[in-house]
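> need a structure here:
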Amino acid sequence: MKKCITALLLLFTLSVTSLLACTSADKPESATGKTSKTSKSINDKKTDLTPVTLNEVAHSIFYAPMYVAMEKNYFEKEGIALSLVTGFGADKTMTAVLSGTADIGFMGSEASIYTYNEGAHDYVVNFAQLTQRAGNFLVAREDIKNFKWEDLKGRKVIGGRKGGMPEMVFEYILKQNHIDPASDLTIDQNIDFGSTAAAFAEEKADYDFTVEFEPGATNLEKQEKGYVVASLGTDSGYVPYTAFSAKKSYISQHPEIIQGFTNALQKGMNYVASHTPEEIAQVIAPQFKETTPDTITTIVSRYYEQDTWKKDLIFRQESFDLLQDILEDAGELKKRAPYKNLVTTIYAEKSAKAVKDTTISY
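Predicted coordinates:
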């Protein structure tokens, strides 16, 4: 993970000038610190909106409150014209933020720790935590009614990329259950993130288990190729899995944008906390046009039941400390990073106080 981020940053150092030149004709200059504005009618009134580019690590129902905020036009009501880009990996999302091609990044906050420890001067600061549990599930070849983590001993499992949060949380759970990830089972970490479910579903596949995000887990069940037997989010406890971050210079120069962005997110959090999985699924369905409504509802229900989403966006120190414990346990962290440098809670605290319950007319 750390090596990948470093390599990509070097690549972007050489190409960022030409990249920004190419993209400046296609998008507003918000990512360079300049404020461009467009006009859009909200509630029959012309409102100037500030363009903001958000790069998300993946496009997943796991992040439902953010998509609720988008579909309910909460960002526009805060004066923000949001452009969403999917980075397909924390390393790529981090590089986009550091290079200036994205204003805000949404990813696992371990990436902010890695880049800080590598000496980044204008490093990223986490200002809002969205999820508080892991979003992946353990899928078995057979329907094991009374699954225990000890059942993995001697088995072959499709895991995640070394140094990534999915794999580190998986290994953290194994160790908590006195299972040695290196010797008690075989973990395949060589399959691309987006291809694990397909690899597990192959007729000749000899894997006993796979660790899957949604919709991979639910689709395997619908195809009768696998069965969800455990939730990593439930068994790992509360973990600061994903957070929103921006370069400290961007936050310093645009505090009103960060506050408005956080306010919109909090409204999305409030909606999710006060509505049923069916209602949430209906709102975010336009974000997942290739997924059936019943599948979206099933996935939202899974995340809803395991208390995936925080009630507020405050990234507390105990969560940050737990994250670094997991990184150290996985052998990915040589030096702990200071919470006070990499996390600010002022915007989330203001949002939690200012944003009232959003259960008004929809």
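> going forward, measure contacts and count neighbours with C-alpha atoms only.
Will do.
> ok, residue 147 to residue 227 distance?
To residue 227, residue 147 is 11 Å away according to C-alpha to C-alpha, to the nearest Å.
> Of those two, which one has the most company?
Using other C-alpha atoms under 10 Å as the criterion, residue 147 and residue 227 rank with residue 227 on top: 24 against 13.
> next SSE after the lowest-mean-pLDDT helix or strand in the chain?
In the chain, no helix or strand scores lower on mean pLDDT, DSSP states H and E than strand 38-42, which sits at a mean of 38. Reading on from strand 38-42 to the C-terminus, the next helix or strand found by DSSP states H and E is strand 45-56.
> Can you tell me the strand partners of that following strand and which way each runs?
If you go by DSSP bridges, strand 45-56 pairs up with strand 38-42 (antiparallel), strand 80-86 (parallel), strand 104-107 (parallel).
> Only the buried residues of the helix or strand hosting residue 347, if you could.
Using DSSP H and E, residue 347 maps to helix 346-354. By neighbour count on 16 or more other C-alpha atoms under 10 Å, the buried set for helix 346-354 is 347-349, 351-352.
> Which elements pack onto that helix?
strand 124-131, helix 255-274 (3 or more C-alpha pairs under 8 Å, 6 or more residues apart in numbering; DSSP states H and E).
> Of those, which stretch is the most buried?
Mean neighbours per residue, mean count of other C-alpha atoms under 10 Å, is largest over those for strand 124-131, with a mean of 27.
> Next SSE downstream of that strand?
Downstream of strand 124-131 (by DSSP H and E), the next one is strand 137-140.
> picking up where we left off before, any chance of TSV for the helices and strands packed on helix 346-354, columns distance to residue 242 and mean pLDDT?
Converted to TSV, the helices and strands packed on helix 346-354 look like this (distance: least, C-alpha to C-alpha, whole Å; pLDDT from 0 to 100):
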stretch	distance to residue 242	mean pLDDT
strand 124-131	6	97
helix 255-274	13	97
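> and of the ones you listed, who's closest to residue 81?
helix 255-274 (10.1 Å; C-alpha to C-alpha).
> what helices or strands is the very next helix or strand once past that closest one leaning on?
For helix 255-274, the following helix or strand on the C-terminal side (DSSP H and E) is helix 277-284. Applying 3+ C-alpha pairs under 8 Å, 6+ apart, we find helix 277-284 packed against helix 64-71, helix 293-305.
> go again using 6 Å as the cut-off
helix 293-305 (3 or more C-alpha pairs under 6 Å, 6 or more residues apart in numbering; DSSP states H and E).
> List the buried residues of the helix it packs on.
293, 295-304.
> any low-confidence regions in the chain?
Scanning the chain for pLDDT under 70 picks out the ranges 1-47, 356-362.
> do that again at 80, thanks
In the predicted model, the chain carries pLDDT under 80 at residues 1-47, 163, 193-194, 355-362.
> Backbone dihedrals for the nearest residue to residue 62 once chain neighbours are set aside, please?
Leaving aside its chain neighbours, residue 62 sits nearest to residue 135 (6.3 Å; criterion: C-alpha to C-alpha, 6 or more residues apart in numbering). The phi/psi pair for residue 135 (degrees, to the nearest 10) reads phi -110, psi 10.
> distance of residue 135 from residue 95?
Distance of residue 135 to residue 95, given as C-alpha to C-alpha: 23 Å.
> what's the neighbour count on residue 283?
For residue 283, the count of nearby residues is 17 (other C-alpha under 10 Å).
> before we move on, what about residue 288?
Residue 288: 14 neighbours (other C-alpha under 10 Å).
> Need phi/psi at it.
The phi/psi pair for residue 288 (degrees, to the nearest 10) is phi -130, psi 60.
> quick one: it and residue 294, what's the gap?
Taking C-alpha to C-alpha as the measure, residue 288 falls 12 Å from residue 294.
> Likewise for residue 321?
The separation that residue 321 has from residue 294, given C-alpha to C-alpha, amounts to 38 Å.
> ditto for residue 329
The gap separating residue 329 from residue 294 is 38 Å, by C-alpha to C-alpha.
> Surely residue 123 touches residue 246?
No. With contact defined as C-alpha atoms under 6 Å, residue 123 does not reach residue 246; the gap is 8.2 Å.
> Same drill for those two, tell me which one is more crowded.
More crowded of residue 123 and residue 246, by other C-alpha under 10 Å: residue 246, with 26 against 22.
> Wasn't that one part of a strand?
Yes. Per DSSP: H, G, I helix; E, B strand; the rest coil, residue 246 lies within a strand segment.
> Contacts only, for it.
Going by C-alpha atoms under 6 Å, 6 or more residues apart in numbering, residue 246 touches 104, 124-125.
> in which helix or strand would I find residue 313?
Using DSSP H and E, residue 313 sits in no helix or strand.
> so what's the backbone phi/psi at it?
Per-residue torsions, residue 313: phi -110, psi 10 (degrees, to the nearest 10).
> Please apply the same query to residue 210.
With angles defined as degrees, to the nearest 10, residue 210 sits at phi -140, psi 150.
> Likewise for residue 101?
phi -80, psi -10.
> what about it, distance to residue 332?
In terms of C-alpha to C-alpha, residue 101 sits 27 Å off from residue 332.
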